[in-house]
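Colleague: Got a predicted structure here, sequence first:
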Amino acid sequence: MEKMFEIATRSKMRFPFKGLISVEDLWDLNVESLDSVFKILNSQVKQANEESLLEVKTKQDTELEIKIEIIKYIVKLKVQEEALKLAAKEAKELEQKILEILSEKQDERLKNKTVDELKAMLNELS
């Protein structure tokens with residue numbers, strides 16, 4: 001994986017998106033935009049793989065493969081990060097809900113106390 005990014009940065013690979021963008025710029029794209037870059041690269045692979053009597057892999061073929069693997073890697077990572085964010089958000093919401101219910105139950109417990117018990121509690125606080 002590291003080697004793939006090393007090759008891409010050393011060779012200054014550019015990716016087709018509203019002109020050409022660098023490897024670093026890919027990280028700023030959303031998953032949908034990355035998918036459109038993938039589709040462009042995939043169509044280039046299909047064109048390059050048209051029937052030929054020569055089965056020689058060119059530099060362009062190798063570069064296309066690396067570009068596609070980079071896109072796949074970034075998309076996979078972004079999807080994982082989004083899932084983690086969503087799980088954290090859901091956990092935070094559940095925690096907030098539990099705290100609200102806990103507060104309501106404590107209020108109920110206080111409401112169920114007698115006048116004398118409440119006065120005694122006030123005296124203890126003073």
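Modeller: Sure, I can see it.
Colleague: ok, now which ones touch Gln106?
Modeller: If a contact means C-beta atoms under 8 Å, 6 or more residues apart in numbering, then Gln106 has no contacts. C-beta: built from backbone N, CA, C; applies to glycine.
Colleague: is it true that Val45 touches Ile68?
Modeller: Yes. Taking contacts as C-beta atoms under 8 Å, Val45 lies within contact range of Ile68: 7.0 Å.
Colleague: ok, what's across the strand from Ile21?
Modeller: Bridge pairing for Ile21 (DSSP bridges) gives the partners Phe15.
Colleague: My read is that it contacts Ala8, right?
Modeller: No. In this structure, Ile21 is not within contact of Ala8 by C-beta under 8 Å, at 11.9 Å.
Colleague: Mind checking which of the two has more residues around it?
Modeller: Remark: of Ile21 and Ala8, Ala8 carries more neighbours, 21 against 17, as counted by other C-beta atoms under 10 Å.
Colleague: okay, now the closest residue to that one other than its chain neighbours: neighbour count?
Modeller: Of all residues not flanking Ala8 in the chain, Val23 sits nearest, at 4.7 Å (C-beta to C-beta, 6 or more residues apart in numbering). When neighbours are defined as other C-beta under 10 Å, Val23 has 19 of them.
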